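Asker: just need the structure, nothing else, for what follows:
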Amino acid sequence: MCESKEKTFFKLIHGSGKEEASKEDKLRAKEKRNRLSLLVQKFEFHEETHPSRSGHLVKETRVSPKEAMIWGESFDKLLAHKDGLETFTRFLKTEFSEENIEFWIACEDFKKIKDPNQILLKAKAIYEKFIQSDAPQEVNLDFHTKEVISKSITQPNLHSFDAAQSRVYQLMEQDSYTRFLKSDIYLDLIEGKPQRPTNLRRRSRSFTYNEFQDVKSDAAIWL
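Answerer: I've put the predicted structure just below:
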């Protein structure tokens, strides 16, 4: 009997210890999450209160209302004008879609290559930056177009990206260009108004475990 009571008491003591340890672990985990949330909020606030950073885009351009009016005649005329191209790029940055115009420019430059040895190098660079899955500035292309480029990238020619460039061009012309013509950036120019700082709209993000899997578990990093 005594031995049985001792075993029961032993189990109660150790069971209680595990329970306390579990509670302590949960409290520590909760504290880490709270500190992470505060760090993220501070970082975002710090970014938004510095106009000189990427949160604001201010570029002085000397474009007359007459010149700006020409941009509204066609998308081609906008892209053909240096200041028009720069202003449109600035607009795309406010929508976080500047990869489209950067890809289009990269394709234009690619088609001008004279040195055959540079074709393969430049083609791979464009493919890795804009085309392949999870590329840092991946453009929105259909599977078939991507597949064709993927298969020909080992032996590219100056027209390897023509189909992809055409699709991105159409996307910008039919979607982004129409919004650009109604934007404050463009309307201020044709009305001769001074340009105002352009606030970048922040993308909402959900922080997942995968994004922080390499973060050390040492409590010191949260202090």
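Asker: quick check: domain ranges of the protein?
Answerer: Under the assignment automatic domain parsing, the domains of the chain span 1-49, 61-199.
Asker: mean pLDDT lowest for which of these?
Answerer: Taking each of the domains of the chain in turn, the one with the lowest mean pLDDT is domain 1-49, at a mean of 51.
Asker: residues contacting Leu79?
Answerer: With contacts taken as C-beta atoms under 8 Å, 6 or more residues apart in numbering, Leu79 has the following neighbours: 85, 88, 104. Backbone N, C-alpha and C define where each C-beta goes, glycine included.
Asker: export those as a markdown table, with columns for distance to His144 and secondary structure.
Answerer: Listed next are the contacts of Leu79 as a markdown table, based on distance: C-beta to C-beta, whole Å; DSSP: H, G, I helix; E, B strand; the rest coil:
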| residue | distance to His144 | secondary structure |
| --- | --- | --- |
| Leu85 | 29 | helix |
| Phe88 | 28 | helix |
| Trp104 | 20 | helix |
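Asker: ok, and the most crowded of these?
Answerer: Greatest neighbour count in those, by other C-beta atoms under 10 Å, goes to Phe88: 24 neighbours.
Asker: that one and Leu141, how far apart?
Answerer: Note on Phe88: its distance to Leu141, by C-beta to C-beta, to the nearest Å, is 20 Å.
Asker: could I have stretch 167-186 exported to CSV, CA atoms only?
Answerer: Extracted as CSV, the C-alpha positions of stretch 167-186 are listed here (Å, rounded to 0.1, in the frame of the first residue of the first chain):
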residue,chain,number,x,y,z
ARG,A,167,1.9,40.1,-73.8
VAL,A,168,3.3,42.4,-71.1
TYR,A,169,2.9,45.3,-73.4
GLN,A,170,-0.8,44.5,-74.0
LEU,A,171,-1.3,44.1,-70.2
MET,A,172,0.2,47.5,-69.6
GLU,A,173,-1.6,49.2,-72.4
GLN,A,174,-5.1,47.8,-71.6
ASP,A,175,-4.7,48.0,-67.8
SER,A,176,-2.0,50.2,-66.3
TYR,A,177,-2.0,52.9,-69.1
THR,A,178,-5.7,53.6,-68.7
ARG,A,179,-5.3,54.1,-65.0
PHE,A,180,-2.2,56.2,-65.5
LEU,A,181,-4.2,58.7,-67.7
LYS,A,182,-6.6,59.2,-64.7
SER,A,183,-3.9,59.4,-62.1
ASP,A,184,-2.8,62.5,-60.2
ILE,A,185,0.7,62.1,-61.5
TYR,A,186,-0.5,62.6,-65.1
